[in-house]
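Trainee: Here is a sequence with its predicted model. Questions after.
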Amino acid sequence: MAPLTATSDFTKYTAEGFGPQDQKDLRDLALRLKSRGVQVLLSNSSAPLIHDLYKDGFEITEVSAKRNIAADTASRGAVTEFLIR
């Protein structure tokens, strides 16, 4: 996922992280799969970067996702995410 704010910067799915180029690579893979007739469903943050990457060639649906893990307990709760098809 792409972080929504400067303080919500978790991108460490791997030792190398998951940065903007990884996001572009994921989008490109999803496009290739779709061109072959594969049904694709991705869940990602509602960050502007994600919207920009998927605005062409995909259907984006906003959903509310509950988060129970956060350093600050006051920030735990629902966040908006994208489901991308």
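Mentor: Received the coordinates, thanks.
Trainee: When you work out contacts or count neighbours from here on, use the C-alpha atoms and nothing else.
Mentor: Fine.
Trainee: Buried ones in the longest helix belonging to the chain, by neighbour count?
Mentor: Counting residues, the longest helix found in the chain (DSSP state H) is helix 20-35. Neighbour counts over helix 20-35 (16 or more other C-alpha atoms under 10 Å) mark 23, 27, 30-31 as buried.
Trainee: where exactly do the strands run in this protein?
Mentor: All strands of the chain, identified by DSSP state E, fall at 42-45, 60-67, 77-84.
Trainee: Do I have it right that Gly57 meets Arg32?
Mentor: No: if you go by C-alpha atoms under 8 Å, Gly57 and Arg32 don't touch, sitting 10.9 Å apart.
Trainee: so can I have CSV of the buried residues of helix 20-35 showing pLDDT?
Mentor: What follows is the buried residues of helix 20-35, written out as CSV (pLDDT from 0 to 100):
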residue, pLDDT
Gln23, 95
Arg27, 98
Ala30, 98
Leu31, 97
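Trainee: what's the burial count for the closest residue in space to Ser64 that isn't next to it in sequence?
Mentor: In this structure, Ser64 finds its nearest non-sequential neighbour in Thr80, 4.7 Å apart by C-alpha to C-alpha, 6 or more residues apart in numbering. Counted with other C-alpha atoms under 10 Å, the neighbours of Thr80 add up to 16.
Trainee: okay but Thr80 is in contact with Ala65, surely?
Mentor: Yes: contact criterion C-alpha under 8 Å: Thr80 and Ala65 qualify, at 6.2 Å.
Trainee: of the strands of the chain, which approaches Ala15 most closely?
Mentor: Ala15 sits nearest to strand 42-45 of all these, at 19.6 Å, using C-alpha to C-alpha.
Trainee: Averaged pLDDT, that closest one. What do you get?
Mentor: In this model, strand 42-45 has an average pLDDT of 94.
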